[in-house]
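Visitor: A structural model of the following input is requested.
(chains A and B)
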Amino acid sequence: EAGVTQFPSHSVIEKGQTVTLRCDPISGHDNLYWYRRVMGKEIKFLLHFVKESKQDESGMPNNRFLAERTGGTYSTLKVQPAELEDSGVYFCASSPVGTVNTEAFFGQGTRLTVV
Amino acid sequence: QKEVEQNSGPLSVPEGAIASLNCTYSDRVSQSFFWYRQYSGKSPELIMSIYSNGDKEDGRFTAQLNKASQYVSLLIRDSQPSDSATYLCAVITLGGSYIPTFGRGTSLIVHP
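Guide: Sure thing, here's the model as predicted:
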């Protein structure tokens, strides 16, 4: 069974440009989470989808970030326009609908560098 | 504001020793606790989960939970160089949408 996959693995863009990150969750997983890790800091929650609906987007830093999950399958996270402080590793995780004990499975992350 | 605290390390232990990784959390209604291991450039992978007070053992790994003290730890016995990685503590709180909250992780180095 394929795990959570993320594209691209690494992206280097200039300040002011747009970047779109993609996450393909494990098939059948209704929960999809986006996290970001800035160097030296903890992995911080960005938002949570249940199927195609945004359940919680309290972690999104500002309106330059837009996440979508059309059809409840893969998700995209767009940053427009990118700023230097957006650099970090963006992780996607998915889990099936379950209980508080349900494990989340992570993708390998997209390392975003804004120069 | 839910917080999960970990010492970032690095924690350096000799091969064969016991590595002790600690995590504290601020939200008293936290219910589920997970330890993930992350090798450099790789995705976090779950190695242990614990939900009840006490110890839970799985091979060389033991997770310890003390809800009264809001403390969860991971012990790695007979540490191997291959255990060198960042260990992330994650906490899920009852209620809401069960979103895991992570600490910043502890870097473990096991030297031969």
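
Visitor: going forward, measure contacts and count neighbours with C-alpha atoms only.
Guide: Fine.

Visitor: backbone torsions only: list them for A:T70.
Guide: Here is the backbone geometry of A:T70 (degrees, to the nearest 10): phi -70, psi 130.

Visitor: next to chain A, which bits of chain B? Give me the list.
Guide: Residues of chain B found near chain A (Cα under 8 Å from any Cα of the partner chain) are B:31-32, B:41-46, B:51, B:92-94, B:97-99, B:101-105.

Visitor: please enumerate the helices of chain A.
Guide: Taking DSSP state H as the criterion, chain A carries no helices.

Visitor: which residue does it have closest to chain B?
Guide: Nearest residue of chain A to chain B (Cα to the nearest Cα) works out as A:E42 at 3.4 Å.

Visitor: selecting buried members of the residues of chain B next to chain A in ChimeraX, what would you type?
Guide: Burial among those is assessed by 16 or more other Cα atoms under 10 Å in any protein chain shown; the matching ChimeraX selection reads:
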select /B:31,32,43,44,45,46,51,92,93,94,97,98,99,101,102,103,104,105
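
Visitor: rewinding a little: I'd guessed the residue of chain A closest to chain B sits against B:G105; true?
Guide: Yes - with contact defined as Cα atoms under 8 Å, A:E42 counts as touching B:G105 (6.8 Å).

Visitor: ok, the residue of chain A closest to chain B to A:T99 distance?
Guide: Separation of A:E42 from A:T99 (Cα to Cα, to the nearest Å): 24 Å.

Visitor: neighbour count winner among the two?
Guide: Using other Cα atoms under 10 Å in any protein chain shown, the more surrounded residue of A:E42 and A:T99 is A:E42, with 21 against 11.

Visitor: apart from its neighbours in sequence, what residue is nearest that one?
Guide: B:R104 (3.4 Å; Cα to Cα, 6 or more residues apart in numbering or on different chains).

Visitor: quick check: which ranges of chain B have low pLDDT?
Guide: The model of chain B has pLDDT under 70 over residues B:1-2, B:95-97.

Visitor: swap in 80 and give it another go.
Guide: B:1-2, B:28, B:30, B:94-98 (pLDDT under 80).

Visitor: residue of it closest to chain A, please.
Guide: Of all residues in chain B, B:R104 sits closest to chain A, at 3.4 Å by Cα to the nearest Cα.

Visitor: and the strands in chain A?
Guide: A:5-7, A:10-13, A:19-24, A:31-37, A:43-50, A:53-56, A:65-68, A:75-79, A:88-95, A:105-106, A:110-114 (DSSP state E).

Visitor: using PDB, list the CA coordinates for the second one.
Guide: Once non-C-alpha atoms are left out, strand A:10-13 reads as follows in PDB (Å, rounded to 0.1, in the frame of the first residue of the first chain):
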ATOM      1  CA  HIS A  10      12.300  20.400  -2.600                       C
ATOM      2  CA  SER A  11      11.500  23.800  -4.000                       C
ATOM      3  CA  VAL A  12      13.600  26.900  -4.200                       C
ATOM      4  CA  ILE A  13      11.800  30.000  -5.200                       C
END
